[in-house]
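In: Prediction below, plus the sequence it came from.
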Amino acid sequence: MGIFDRFKSNKAAQGKARDVSDVGEQKIDEKTGNRYESQVDSAQQQLHERLGTDEDRPGNP
């Protein structure tokens, strides 16, 4: 069992990871003046998919 598998079963850790990811996205967007917003969004989406936190995010089917 890999680290991502263990992470996927821990809902509390997933919530914290989403929060940290959102704060990180905001900080990057602030520092770069939103120049790389689409790249940051894409990277964040990939991270959520790999961690298994994308299912219960608002706006996802």
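Out: Nice, I can see it.
In: Spit out the contact partners of residue 14.
Out: 7-8, 51-53 (Cβ atoms under 8 Å, 6 or more residues apart in numbering). (Glycine included, C-beta is placed from N, CA and C.)
In: Selection in PyMOL covering whichever of these are buried, please.
Out: Command for PyMOL that selects the buried part of the contacts of residue 14, burial taken from 16 or more other Cβ atoms under 10 Å:
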select buried, resi 8+51+52+53
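In: Where helices are concerned, which of the contacts of residue 14 count?
Out: Members of these lying in helices (criterion: DSSP state H): 7-8, 51.
In: Distance check, residue 41 against residue 23.
Out: To residue 23, residue 41 is 15 Å away according to Cβ to Cβ, to the nearest Å.
In: Need phi/psi at residue 17.
Out: phi -60, psi -40 (degrees, to the nearest 10).
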